[in-house]
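Trainee: Compute the structure for the input listed below.
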Amino acid sequence: MNRENPLIEFRNIVKSYGRGQNITHAINGASLKINEGEFVAIMGASGSGKSTSMNIIGCLDKPTSGEYLFKGIHVESLNLNQMAILRRNYIGFVFQGFNLLGRTSALENVELPLVYRKIPAKTREKLAFEALDKVGLSSVVKHTPAELSGGQQQRVAIARAIVTNPLVLLADEPTGNLDSIKSLEIMNLLKMLNEESKVTIVMVTHEEEMASFANRVIFFRDGSIEDKLRKGFK
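Mentor: Here you go, the predicted structure:
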């Protein structure tokens with residue numbers, strides 16, 4: 001873990017909406033560093049800036065001002081096409097709502113990012129099966145989402161996110177639609193991927209129990225970072 005050259009760095013990031021007296025700062029001068037191999041949770045109340053920060057980290061949005069460095073690259077200076085390339089090659093996404101294609105199998109859902117990369121069909125199938133096996137779903141590769149439980153659907157979504165071997169996995173409320181038992185299963189899976197596969201994980205959550213799986217917690221309040229660590233977390 002290289003602390004001198006962080007994988008992700010915010011330098012006085014500001015994200016504003018509106019103009020003049022109607023301006024709103026979703027993020028107001030936030031600075032942070034995330035090192036390769038970390039498992040970081042981002043917490044905060046609704047409107048605190050945590051989701052906006054995730055969108056910037058994921059190259060889905062640009063800051064109004066400040067610097068965002070990913071592997072030393074100044075992302076804020078990239079154009080949309082360059083951001084898309086960075087996102088496609090280095091970042092995997094897991095969302096609260098799973099976002100699976102309803103009429104396709106688990107295997108086909110996981111293959112989708114590889115289709116965009118124009119990977120040959122046989123190679124896509126092999127890589128997708130390996131990703132599903134890694135998340136414990138090798139026995140249901142032909143099942144559609146309707147034939148899977150919520151926890152299994154989220155595992156498929158995680159397999160889809162890791163099939164490209166991303167450097168960073170961004171998880172936005174990954175247990176928000178799951179019961180407590182399935183939530184713990186998903187968190188243990190994310191912890192395993194972080195520890196065994198060395199995937200850097202950045203997770204937005206409002207639940208302290210889920211955040212306790214992270215190595216470090218960053219707290220947002222009113223667009224600013226309030227704290228970067230809470231004692232007692234795992």
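Trainee: Let me see the confidence value for residue 229.
Mentor: Note for residue 229: predicted pLDDT of 60.
Trainee: oh sorry, the question was meant for residue 206
Mentor: Model confidence at residue 206 (pLDDT) stands at 89.
Trainee: what about it, neighbour count?
Mentor: As a burial measure, residue 206 scores 14 neighbours (other C-beta atoms under 10 Å). For the C-beta atoms, the positions are set from N, CA and C on the backbone; glycine is no exception.
Trainee: go on, residue 33?
Mentor: Residues near residue 33, counting by other C-beta under 10 Å: 17.
Trainee: That one belongs to a strand, doesn't it?
Mentor: Yes: using DSSP: H, G, I helix; E, B strand; the rest coil, the assignment for residue 33 is a strand.
Trainee: List the contacts of it.
Mentor: 3, 6, 8-10 (C-beta atoms under 8 Å, 6 or more residues apart in numbering).
Trainee: Which residues does the longest helix belonging to the chain contact?
Mentor: For the chain, the helix reaching the highest residue count under DSSP state H is reported as helix 180-196. Residues outside helix 180-196 that contact it (C-beta under 8 Å, 6+ apart): 37, 39, 134-136, 149-151, 154-155, 158, 162, 169, 171, 174-175, 178, 199-201, 203, 207, 209-210, 213.
Trainee: Check which residues of that helix are buried.
Mentor: 182-187, 189-191, 193-194 (16 or more other C-beta atoms under 10 Å).
Trainee: returning to that earlier point: in strands only, show me the contacts of residue 33.
Mentor: 8-10 (DSSP state E).
Trainee: Dump the buried residues of helix 180-196 to a markdown table, plus pLDDT.
Mentor: Output for those, formatted as a markdown table (pLDDT from 0 to 100):
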| residue | pLDDT |
| --- | --- |
| 182 | 91 |
| 183 | 93 |
| 184 | 94 |
| 185 | 93 |
| 186 | 93 |
| 187 | 95 |
| 189 | 94 |
| 190 | 96 |
| 191 | 96 |
| 193 | 94 |
| 194 | 96 |
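Trainee: residue contacts, residue 54?
Mentor: Taking C-beta under 8 Å, 6+ apart as the test, what residue 54 contacts is 42, 170, 172, 202, 204.
Trainee: Of those residues, which is the most crowded?
Mentor: That'd be residue 42 among the contacts of residue 54, by other C-beta under 10 Å, with 28 neighbours.
Trainee: hang on, it in a helix?
Mentor: No: applying three-state DSSP, one finds residue 42 to be strand, outside a helix.
Trainee: how far is the longest helix of the chain from where the chain is centred?
Mentor: 14 Å (C-alpha atoms, centre = their mean, to the nearest Å).
Trainee: what angle separates whichever helix or strand comes after that helix from helix 180-196?
Mentor: Of the helices and strands lying after helix 180-196 in sequence (DSSP states H and E), the nearest is strand 200-204. On the basis of axes from the mean of the first three to the mean of the last three C-alpha atoms, to 10 degrees, strand 200-204 is oriented at 150 degrees to helix 180-196.
Trainee: Just list what whichever helix or strand comes after strand 200-204 packs against, helices and strands only.
Mentor: Using DSSP H and E, the next helix or strand after strand 200-204 towards the C-terminus is helix 208-211. Judged by 3 or more C-beta pairs under 8 Å, 6 or more residues apart in numbering; DSSP states H and E, helix 208-211 is in contact with strand 39-44, helix 180-196.
Trainee: out of these, nearest to residue 88?
Mentor: Nearest to residue 88, of all the helices and strands packed on helix 208-211, is helix 180-196, at 19.5 Å by C-beta to C-beta.
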